[in-house]
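[1] here's my sequence, what's the structure:
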Amino acid sequence: GTNAGQAGSRFGTVTIIPLVGGSGGGGGASVNNNRGGAAGGGGGAILIASSGSITISGSITSRGGVGNSGNAGGGGGSGGAIRLIANTVSGAGNLNVSGGSGGGANVSFAGASGGQGYIRIEAFDYSGFVGTSTPGNIISFAFPHPVTSPNSPTLKIATIGGVTTPASPFGTLQGIPDVI
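    Predicted coordinates:
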């Protein structure tokens with residue numbers, strides 16, 4: 001076949017709950033026993049939560065990976081997710097969740113570019129945020145929500161090496177460990 005790699009589709013929801021990154025692109029097809037280009041990976045998932053404030057003065061990036069060139073180019077990965085939660089979010093930085101570009105083709109078709117990701121800012125006051133997003137104008141704003149889903153699975157470690165763990169562990173880096 002001479003099929004180029006498919007683009008990584010936009011993945012997840014605007015609320016970014018659950019916290020998931022982008023999807024990878026598709027690999028390019030081989031042509032006459034010569035390999036197609038590898039796909040780009042999806043962008044990661046970034047969560048920054050603060051009980052106070054977050055100030056963005058640089059950039060936070062979760063871009064999709066670029067597809068590689070080959071006889072048929074690999075598809076680019078979709079952009080990831082950036083979720084910021086605080087009482088106040090301010091600053092003039094850039095938040096980037098763009099999709100990766102598709103790989104070039106030596107014989108057949110170039111790979112498709114990955115879709116954009118999601119950006120969400122949750123704060124009681126985000127009036128001081130004058131930053132930008134890449135792609136443009138894709139930030140969703142809301143009041144703070146729980147960091148995790150209300151019905152998220154939990155894990156309780158009952159024993160370690162045959163030793164029962166305390167019901168309410170309280171270990172610290174400088175105190176006595178919960179299990180010896």
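[2] hang on, V89 packs against I54?
    Yes - the criterion here is Cβ atoms under 8 Å, and V89 meets it with I54 at 5.0 Å. (Glycine included, C-beta is placed from N, CA and C.)
[3] burial count for T55?
    14 (other Cβ atoms under 10 Å).
[4] what helix or strand is G24 located in?
    Per DSSP states H and E, G24 falls between elements, in no helix or strand.
[5] oh, I was asking about G99
    For G99, there is no host helix or strand (DSSP H and E).
[6] surely it meets Y118?
    No - here G99 does not reach Y118: they are 11.9 Å apart, not a contact under Cβ under 8 Å.
[7] could you pull out the buried residues of the host helix or strand of I60?
    Using DSSP H and E, the element containing I60 is strand 59-61. Within strand 59-61, the residues that count as buried by 16 or more other Cβ atoms under 10 Å are 60-61.
[8] by contact count, what packs against that strand?
    Other helices and strands packing on strand 59-61, by 3 or more Cβ pairs under 8 Å, 6 or more residues apart in numbering; DSSP states H and E, are strand 94-96.
[9] what's next to the strand it packs on, contact-wise?
    The contact list for strand 94-96 (Cβ atoms under 8 Å, 6 or more residues apart in numbering) reads 56, 58-63, 79, 82, 119, 131-134, 139.
[10] can you name the residues that contact G161?
    V179.
[11] phi, psi for it please.
    Backbone geometry at G161, expressed as degrees, to the nearest 10, gives phi 60, psi 40.
[12] look up how far V179 lies from it.
    Per Cβ to Cβ, to the nearest Å, G161 is found 8 Å from V179.
[13] ok so, going back, so how far is the strand holding I60 off the chain centroid?
    11 Å (Cα atoms, centre = their mean, to the nearest Å).
[14] I'd like the next helix or strand past it.
    Downstream of strand 59-61, the next assigned helix or strand under DSSP H and E is strand 81-85.
[15] pairing partners for that next one, with directions?
    strand 45-49 (parallel), strand 118-122 (parallel) (DSSP bridges).
[16] out of the ones you listed, flag the one nearest I17.
    Nearest of the strands paired with strand 81-85 to I17, taken as Cβ to Cβ: strand 118-122 at 9.0 Å.
[17] ok, now which ones touch N87?
    N87 sits next to 50-53, 123-125, 144 when contact means Cβ under 8 Å, 6+ apart.
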